[in-house]
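Chemist: Turn this into a model:
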Amino acid sequence: MTKCVLLVVLPCMTVGMVVPTDSNKKLGRALATSVSESLQAMKALENQGLGDDASFRQGMLETLMSKQEVLTNPEVNRVIERANSLAEHQTIPEDAVCLRDWSRPCPDGWEDAGAIGCVAPASYKGGCKGIQHFDAARDRRRKFDFASACSAPWACAGNDECPLGRDYESCPLGWVSVGRGFCSQTAGS
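Modeler: You can find the predicted model right below:
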């Protein structure tokens with residue numbers, strides 16, 4: 001069993017003890033209780049007009065607390081590292097319509113204006129700004145969040161019919177505009 005030496009300075013005494021590392025939980029509780037009792041004692045001294053002594057002890061306690069090492073569990077550290085790694089490479093939920101092509105620079109129907117960013121079509125009625133900047137290589141999650149929150153989906157993957165995105169400002173081939181953004185299929189179609 002590995003042992004470590006712990007030195008604790010409390011308001012009227014210094015305590016040194018050797019503890020097995022297996023009892024870190026008990027030690028943590030004991031230290032927390034001791035610190036809490038010390039803070040209460042200092043507050044009582046301050047209330048009795050012995051504030052100079054209490055402020056010295058408070059300063060000493062704060063210094064010790066700022067320099068303490070945290071007791072850790074290596075298994076907990078591994079779990080936290082794994083969780084952070086997963087969060088960093090978070091997957092995007094499946095879309096009910098299709099698999100989206102997040103490599104495209106802009107939402108479907110938006111114009112890629114280079115350095116200016118992605119410019120929404122005039123008909124865009126989503127709740128977000130009409131000019132947005134996305135980094136195609138790194139912003140997959142941001143693109144997904146934007147598409148969901150702003151009603152501006154990316155084109156479906158494998159749909160190469162419109163490599164620059166769809167034009168939602170005009171009617172499809174064989175359809176005619178009936179005004180206010182609506183189209184009607186022509187009689188001959």
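Chemist: What's the end-to-end length of stretch 156-167?
Modeler: Stretch 156-167 has an end-to-end distance of 15 Å (CA to CA, to the nearest Å).
Chemist: Give me the buried positions along the longest helix anywhere in the chain.
Modeler: As assigned by DSSP state H, the longest helix anywhere in the chain is helix 24-47. By 16 or more other CB atoms under 10 Å, the buried positions in helix 24-47 come out as 27, 35, 38, 42, 45, 46. Placement of C-beta: from N, CA and C, glycine included.
Chemist: ok, now how distant is the last one from residue 58?
Modeler: So the one you mean is residue 46. 8 Å (CB to CB, to the nearest Å).
Chemist: With the fourth one instead?
Modeler: Using CB to CB, residue 42 is found at 6 Å from residue 58.
Chemist: And the helices in the chain?
Modeler: Using DSSP H, the helices of the chain run over 24-47, 51-66, 74-88, 140-150.
Chemist: where does the protein have low pLDDT?
Modeler: In the predicted model, the chain carries pLDDT under 70 at residues 1-24, 49-55, 57, 60-61, 64-72, 86-90, 136-138, 159-166, 187-189.
Chemist: can I see the domain layout of it?
Modeler: If you go by automatic domain parsing, the domain ranges for the chain are 3-73, 111-185.
Chemist: And residue 132, how far from residue 148?
Modeler: 14 Å.
Chemist: ok, the two, which is more surrounded?
Modeler: residue 132 (18 against 13; other CB atoms under 10 Å).
Chemist: Just list whatever residues bridge to the more buried one.
Modeler: Beta-bridge pairing for residue 132 (DSSP bridges): residue 118.
Chemist: Next: residue 111.
Modeler: On the basis of DSSP bridges, residue 111 is bridged to residue 119.
Chemist: How much space separates it from residue 154?
Modeler: Applying CB to CB to residue 111 and residue 154 gives a distance of 14 Å.
Chemist: So those two - more neighbours on which side?
Modeler: Taking other CB under 10 Å, residue 111 and residue 154 do not tie; residue 154 has more neighbours (24 against 17).
Chemist: What residues are bridge-paired with the residue lying closest to the more buried one once chain neighbours are set aside?
Modeler: Spatial nearest neighbour of residue 154, chain neighbours left out: residue 100 (4.4 Å); criterion: CB to CB, 6 or more residues apart in numbering. Residue 100 forms beta bridges with residue 156, as assigned by DSSP bridges.
Chemist: show me the contacts for residue 100.
Modeler: Neighbouring residues of residue 100 by CB atoms under 8 Å, 6 or more residues apart in numbering: 92, 144, 147, 153, 154, 155, 156, 157.
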